[in-house]
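**Q** Provided below for reference: sequence and predicted model.
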Amino acid sequence: MILHTNSQINSMKKILSIVSIFLFFSASAQNNFLFPDSSDQIIINSIGGVASTSIPQKFMNKFIFPDYIDNDLKNSVSNKIKANNYFGGGFLLNANLLLAKENKNADKKNLIGFGFGTNREANLKFPKDLFDLTFYGNKPFANETLNLNKTSFESLSYSYLELSVGQSFINGNVTSSFWSDIGLLVGHNFSDINFAQASLFTEENGDYLEFNLSESSIAVSDTLSTSLAKGFGAKIDLFYSRQTENSKLLISAENMGGIFWQNSSSAQLDTTFNFEGIEIGDIFQLADSVWSELGSIDSLLNSEKKNEFRTVPVDITVYYRKNLELILFDVLVNHKLFANYTPYIRTGLNFNLPLFNPGATIAYGGYSGLRAGLNTDIKIIDALKIQIGTNNILGAIIPDSATSLDAYAGVRLKF
C-alpha cells in the first residue's frame, strides 16, 4: 500500500484559501498604530501574507496562482529544507474608534473606544521528512522510516468585539497614555496537532504502513456543526504610549485570553498501528487528514468529545519612531506566545515629505529570515492618512530565493 497525495487542485485550493481568507503576520507588522492624542480617531488596518524559513516564494506561488509543480522544483526546494522549519500565514482585519474626552483636569484626557475585527492564522513547525512525505508521497521511501518528530501545526479563526478605556496624561510636550481593550471572542474553528515522537515506515513491497506515535496529541473544533460560532471567550489588551514632538513609543500586550470551544474532538496518541493510508494534499491538510484516518480506528484511540478552553496566541509588541526632520526612523520588535513563531525585529526609514512618506524596511524573524519591504503614508488631507506597504517585497522580485510575501493597508481619520 502506498500513501498517496491529493491533486494539485486540492493543494492549490487549500493554500489559496489560507492566503486570501486568513493570512497572518500580526497587525504589528505595519506602522498604522493607534496613538491617543487630543483628537478623535478612526483607524482601519488589514494585513495578510505567508512566510517560511525554508520554502521559497516561487514554490508557494504555484498554489496561489495555479500551476504545475515539476520534479525539478520539488527537488530544488527539498534540498533547501532544513532539519526543522517554520511556515505560517494569515489574515487580519480590524477597525477601531477612539474618543478623547475632556477631563476636569486640563492635563488629562479620558479615552473610550470601540473596535471589532477578524483574525485567521495558521503556523507549522515541521521536519524535512514531512515536506518530502507531503509532496512526494511515501512510495520513494519504501523500506525506510521517516522522522516526523517535533511536528506541530496550529490553526485558529475567530472574530471579536472590544471596548477600550484609558487615560492620557499631558506634561508639557510629553503625552503618556495608558489604555486597555476588553473583548468578546467568537471562535470559528481551530486545529492543533503535536507529534513529539513520530515516525512512518513503509513496508518494502508497499503492503502496509506502520505509524508510530508517542507523547503526541491532536484536537479539532466541531467538524459537524455549520455554525460560525463554535466557541466563545474573552481577551484583554494592555497598551502604553509616550509621545513627544519628535518621537513615539508604544508597548503592548494583546490577545491575553482564550476561547471555550464547544464539542471539540481530541485524542492522546501513544501507540503503534498499521493502516491503509491517509491522503495529504499539502502540509496544511495534515491535521484533518490524520484525524479522519485515526478517528476511524476508535479501538486504538482514547478519543473524546468535550467542551474545552484554549488560549489564543498573545502578541507582545514594542514600537519606537523618531522624527529626524527629513527622515523618519522606526524600530519594531514583536513576538507571539503560544505559537510556532520566532522573535521578529524590523527597522525602517521614511522620507518626511509634504504629501507622502515613502520608505523601506528590513526585518528578520517571525516565520522567515531576512526580508526587505517598501511602504508609504499618503496624506489626502490633514486629517486623513492612507498607508500601504509590504514587509516582503523580495518575494515578488526574487521568488527563487525569498521565502515570504505580504501586503498591508491602513486608514487613519482624525476629527
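**A** Sure thing, it's come through. No experiment lies behind these values; they were computed from the predicted model shown.

**Q** where exactly do the helices run in this structure?
**A** Counting by DSSP state H, one finds helices in the chain at the ranges 8-22, 57-64, 71-80, 128-136, 286-295, 394-397.

**Q** helices or strands next to the shortest one in the packing?
**A** Using 3 or more Cβ pairs under 8 Å, 6 or more residues apart in numbering; DSSP states H and E as the contact test, the elements touching helix 394-397 are strand 368-381, strand 404-414. Placement of C-beta: from N, CA and C, glycine included.

**Q** distance to Asp67 and mean neighbour count for these - can I get that in a markdown table?
**A** As requested, the helices and strands packed on helix 394-397 are arranged in a markdown table below (distance: least, Cβ to Cβ, whole Å; neighbours: other Cβ atoms under 10 Å):
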| stretch | distance to Asp67 | mean neighbour count |
| --- | --- | --- |
| strand 368-381 | 22 | 18 |
| strand 404-414 | 16 | 21 |
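
**Q** of those strands, which is nearest Asn147?
**A** strand 368-381 (23.4 Å; Cβ to Cβ).

**Q** so how far is Tyr160 from Ile112?
**A** 18 Å (Cβ to Cβ, to the nearest Å).

**Q** and those two? Which one has more around it.
**A** The neighbour comparison of Ile112 against Tyr160 (other Cβ atoms under 10 Å) goes to Tyr160, with 22 against 15.

**Q** who's in contact with the more buried one?
**A** By Cβ atoms under 8 Å, 6 or more residues apart in numbering, the contact set of Tyr160 is 116-119, 183-186, 235.

**Q** so where do the strands sit in the stretch 301-415 of the chain?
**A** Counting by DSSP state E, counting those that start in this stretch, the stretch 301-415 of the chain has strands at residues 302-311, 314-324, 327-337, 342-351, 359-366, 368-381, 384-390, 404-414.

**Q** as CSV, those with mean pLDDT and distance to Ser155 would be great.
**A** Below are those laid out as CSV (pLDDT from 0 to 100; distance: least, Cβ to Cβ, whole Å):
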stretch, mean pLDDT, distance to Ser155
strand 302-311, 88, 12
strand 314-324, 96, 17
strand 327-337, 95, 14
strand 342-351, 95, 18
strand 359-366, 93, 17
strand 368-381, 90, 18
strand 384-390, 93, 24
strand 404-414, 90, 18
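
**Q** so which of the ones you listed gets nearest Lys248?
**A** Of all the strands of the stretch 301-415 of the chain, strand 314-324 comes closest under Cβ to Cβ, at 4.5 Å.

**Q** so in that sheet, which strands flank that closest one, and in what orientation?
**A** strand 247-275 (antiparallel), strand 327-337 (antiparallel) (DSSP bridges).

**Q** adding distance to Leu97, write those out as a markdown table.
**A** Output for the strands paired with strand 314-324, formatted as a markdown table (distance: least, Cβ to Cβ, whole Å):
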| stretch | distance to Leu97 |
| --- | --- |
| strand 247-275 | 17 |
| strand 327-337 | 24 |
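
**Q** ranking these by mean pLDDT, which is last?
**A** Sorting those by mean pLDDT places strand 247-275 lowest, at a mean of 90.

**Q** that one vs strand 302-311, what angle?
**A** 180 degrees (axes from the mean of the first three to the mean of the last three Cα atoms, to 10 degrees).

**Q** pull out the buried residues from strand 247-275.
**A** Across strand 247-275, burial judged by 16 or more other Cβ atoms under 10 Å covers 248-250, 252-259, 261-262, 264-267, 269, 275.

**Q** where does pLDDT dip in the stretch 1-150 of the chain?
**A** 1-31, 103-105 (pLDDT under 70).

**Q** just so I have it, where are all the strands in it?
**A** 41-52, 84-102, 108-127, 145-147.

**Q** pretty sure Gly88 is touching Leu124, no?
**A** Yes. Using Cβ atoms under 8 Å, Gly88 is in contact with Leu124, at 6.8 Å.

**Q** for Ala142, give the beta-bridge partners.
**A** Counting by DSSP bridges, Ala142 forms beta bridges with Thr202.

**Q** let me fix that: Thr175
**A** Under DSSP bridges, the beta-bridge partners of Thr175 are Ile170, Gln243.

**Q** check the one 10 residues further on too.
**A** According to DSSP bridges, the residues that bridge with Leu185 are Tyr160, Gly233.

**Q** circling back: tell me the most buried of the strands of the stretch 1-150 of the chain?
**A** strand 41-52 (a mean of 22; mean count of other Cβ atoms under 10 Å).

**Q** next, the angle from it to helix 57-64.
**A** Using the same axes, to 10 degrees: strand 41-52 against helix 57-64 is 110 degrees.

**Q** if we can go back for a sec, select, out of the helices and strands packed on helix 394-397, the one closest to Ala219.
**A** Per Cβ to Cβ, nearest to Ala219 of these: strand 368-381, 27.1 Å.

**Q** returning to that earlier point: what touches both of Gly88 and Leu124?
**A** Asn340.
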